[in-house]
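Student: Give me coordinates for this.
(2 chains)
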Amino acid sequence: MFGYVTPCKMEMKIKDYEKFKAYYCGLCNSIKKNFGNLPRLTLNYDMTFLAILLDSLSENKYNFIKFKCLIHPLKKRIMINNNEALDYAAFCNITLAYYKLMDDVYDNKTIKSKVFSIFLKNYLSKSEKVYNEVIDYTKEKLLLLNTLEVCHEGIVIDEHLSIDELSHVFADLTGFIISFYYKEADFENDLYWLGYNLGKWIYIIDAYDDLEKDIKSNSFNAINSLLNTDKLDFKSFSKCIKPRIDFLLATCAEQCLKYLNRLPLIKNEDILYNILELGLMEKMDKVLKMPY
Amino acid sequence: MENPYEILGVKEGTSKEDIKKAYRELAKKYHPDQYGDNPLKDLAEVKMRELNEAYDSLMKNSSSSSNNGSSSSYNSQSNSGFKPNDDYSSNNIYQSIRMDLNSGNIPSAEKKLSSMNTKTAEWNFLMGMVHLKKGWHDSAYTFISNACSQEPNNIEYRRSFNGLNTRTSNYRDNYYGRRGNDSGMGNMCLNLWCADTICECLGGDLISCC
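Tutor: Presented below is the predicted three-dimensional model:
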């Protein structure tokens, strides 16, 4: 589910790449500071993007500090410290990871998920009271998503549930999470739609990536369960549905870019454009296995 | 009302199944949706009404239990009523839906569209527009392409449909365009050197300094 929103390293300036890494390390550190060591395992690039996006709209100056990382001990690294956007991203990271795990628990009931989710629950209680609204909204939406998915686990395809309707739940959640940080701002609406389209993009590409695995294990897959009306096998189905998925993903990505253009960015523009213009496309190519 | 048996073209005493069959055949022929902007649409609507009334009365007369089942998709249209000025009022609704879309009142537009039974090309197009505004691109694509296939000559629908595809190809080209750039210079130098070498082999000289 996470790790699809990455930068296109090849087209990035080194200074921007270093800045991106500083945010990533900063996020890891923020999780440790606010929640604890164990939740750091849930760190991902998508939340780094969130931090960069939210920070780009604020006038705060950077606060770089050097530090030594336990996992990468060879070279001294730089990270961003004491950054509100990073703290909020850390919170979102834990929240989404926790509820994603709860999802897995319902689906697979693996012991690993259950144990980990119990751990995370304790950490979640450490979050700020202000963010309780986000927790409730996340809980509600992921529960709804789970319900809709479970209804379609069966063999019969319900023609009335479109892929847009199903992915809307997750997209709405990400839109909410992203725009919540700037609740009263003028650009809150543009932030919401950027988040909405990005969430939809993540949901669809994740479904397509898991297509083979889910068909084999006969588990729920948004694309398979809603669009595979002829019950084709993986190879033929993936080939036949690819143009439609490609259109959907490209449109979502293009919309993300459109709303990014509307935001009053103060810094980090190059990183954000790299991710939304090139990074998403690069990932799409990889997942859809388009010929170069 | 005229003799319902005559309207449906069946003999008195025909079984319910045959009445249903006859109704379906005639409904297929006279259903107003397939007439689009054709002036015969009004006549088709009137005929459709007659068919529905005849069917209803024959069904009611049969002693077996009433059915709301199979051909209800056409039946329900008779309940909503094909009034003679239906064409005029549906145009009015489309106008108000367009106004809703322009002013950003998507929920109202969607509600009005959902309450309509006839799925004309205009209905499909406006539904597509509503879904576009909601960010539901896959459904929007389906609706707009339906509108195009129902009315291939409509420029507005065609332009919207093409616009959807252009957006994504523009976005994609932005990424692909950057990747082939660096080979240009290198290739040119190599090509010139090869040309010069071959020229020298044959006795001439393309580039005198090497």
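Student: For the rest of this, base every contact and every neighbour count on C-alpha atoms.
Tutor: OK.
Student: How many residues are close by A:Ser217?
Tutor: 8 (other C-alpha atoms under 10 Å in any protein chain shown).
Student: same question, B:Ala109
Tutor: So B:Ala109, with other C-alpha under 10 Å, has 22 neighbours.
Student: Just the pLDDT at it, thanks.
Tutor: You'll see B:Ala109 listed with a pLDDT of 86.
Student: sec struct for it, please.
Tutor: Secondary structure state of B:Ala109, per DSSP: H, G, I helix; E, B strand; the rest coil, is helix.
Student: tell me which element the spatially closest residue to it that is not a sequence neighbour falls in.
Tutor: Once flanking residues are discounted, B:Ala109 sits nearest to B:Ile97: 5.0 Å by C-alpha to C-alpha, 6 or more residues apart in numbering or on different chains. Remark: B:Ile97 resides in helix B:86-103, with elements defined by DSSP states H and E.
Student: ditto for A:Ile78
Tutor: Going by DSSP H and E, A:Ile78 is part of strand A:77-80.
Student: So which other helices or strands are in contact with the helix or strand following that strand?
Tutor: Under the assignment DSSP H and E, the closest C-terminal helix or strand after strand A:77-80 is helix A:84-108. Packing contacts for helix A:84-108, counted by 3 or more C-alpha pairs under 8 Å, 6 or more residues apart in numbering or on different chains; DSSP states H and E, involve helix A:14-34, helix A:45-56, helix A:111-124, helix A:132-151.
Student: For the stretch 101-250 of chain A, give me the ranges with low pLDDT.
Tutor: Filtered on pLDDT under 70, the stretch 101-250 of chain A yields the residue ranges A:103-128, A:152-160.
Student: ok, now with 80
Tutor: A:101-130, A:132, A:139, A:142-143, A:146-161 (pLDDT under 80).
Student: So which residues on it come close to chain B?
Tutor: Remark: the part of the stretch 101-250 of chain A in contact with chain B comprises A:Ser162, A:Ile163, A:Asp164, A:Glu165, A:His168, A:Asn197, A:Arg244, A:Phe247, A:Leu248, A:Ala250, using C-alpha under 8 Å from any C-alpha of the partner chain.
Student: Please identify, among those residues, the one with the most neighbours.
Tutor: The residue in those with the most neighbours, by other C-alpha under 10 Å, is A:Asn197 (29 neighbours).
Student: Would you mind confirming that it makes contact with B:Trp136?
Tutor: No. Applying C-alpha atoms under 8 Å, one finds A:Asn197 not in contact with B:Trp136, separated by 9.6 Å.
Student: and the next element down the chain from the longest helix seen in chain B?
Tutor: Determined from DSSP state H, the single longest helix within chain B is helix B:155-179. Later in the chain than helix B:155-179, the nearest helix or strand by DSSP H and E is helix B:183-201.
Student: Identify the residues contacting B:Ser96.
Tutor: B:Ser96 makes contact with B:Ala109 under the criterion C-alpha atoms under 8 Å, 6 or more residues apart in numbering or on different chains.
Student: Any figure for the gap between it and chain A?
Tutor: Distance, B:Ser96 to chain A, by C-alpha to the nearest C-alpha, to the nearest Å: 25 Å.
Student: what about stretch A:274-292, average pLDDT?
Tutor: 82.
Student: how about that stretch against chain B, any contact?
Tutor: Yes. Using C-alpha under 8 Å from any C-alpha, stretch A:274-292 reaches chain B at A:Glu277, A:Leu278, A:Met281.
Student: check which helix or strand covers the closest residue to A:Glu188 other than its chain neighbours.
Tutor: Distances taken as C-alpha to C-alpha, 6+ apart place A:Ser179 nearest to A:Glu188, at 5.5 Å, with adjacent residues excluded. In the assignment (DSSP H and E), A:Ser179 maps to helix A:163-180.
Student: mind listing what's buried in that helix?
Tutor: A:163-164, A:166-180 (16 or more other C-alpha atoms under 10 Å in any protein chain shown).
Student: For it, name the packing helices and strands.
Tutor: helix A:132-151, helix A:188-209, helix A:222-227, helix B:137-150.
Student: Just the C-alphas of it, formatted as PDB.
Tutor: The C-alpha trace of helix A:163-180 is given here as PDB (Å, rounded to 0.1, in the frame of the first residue of the first chain):
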ATOM      1  CA  ILE A 163     -13.900   1.100  -9.100                       C
ATOM      2  CA  ASP A 164     -14.300   4.900  -8.600                       C
ATOM      3  CA  GLU A 165     -16.800   4.300  -5.800                       C
ATOM      4  CA  LEU A 166     -14.600   1.900  -3.900                       C
ATOM      5  CA  SER A 167     -11.300   3.800  -4.300                       C
ATOM      6  CA  HIS A 168     -13.300   7.000  -3.300                       C
ATOM      7  CA  VAL A 169     -13.200   5.800   0.300                       C
ATOM      8  CA  PHE A 170      -9.400   5.700   0.500                       C
ATOM      9  CA  ALA A 171      -9.000   8.800  -1.700                       C
ATOM     10  CA  ASP A 172     -11.300  10.700   0.600                       C
ATOM     11  CA  LEU A 173      -9.300   9.700   3.600                       C
ATOM     12  CA  THR A 174      -6.000  10.800   2.200                       C
ATOM     13  CA  GLY A 175      -7.500  14.000   1.000                       C
ATOM     14  CA  PHE A 176      -8.800  14.600   4.500                       C
ATOM     15  CA  ILE A 177      -5.500  13.800   6.100                       C
ATOM     16  CA  ILE A 178      -3.500  16.100   3.800                       C
ATOM     17  CA  SER A 179      -5.900  19.000   4.100                       C
ATOM     18  CA  PHE A 180      -6.500  18.700   7.800                       C
END
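Student: which residues are contacting that helix?
Tutor: The contact list for helix A:163-180, computed with C-alpha under 8 Å, 6+ apart, reads A:50, A:54, A:92, A:134, A:137-138, A:141-142, A:144-145, A:148, A:188-189, A:191-200, A:203-204, A:222-223, A:226-227, B:136-139.
Student: Figure out the helix or strand that A:Lys66 lives in.
Tutor: Using DSSP H and E, A:Lys66 falls within strand A:64-67.
Student: and that strand, what does it pack onto?
Tutor: Against strand A:64-67 (3+ C-alpha pairs under 8 Å, 6+ apart) you get strand A:77-80.
Student: Pairing partners for the strand it packs on, with directions?
Tutor: strand A:64-67 (antiparallel) (DSSP bridges).
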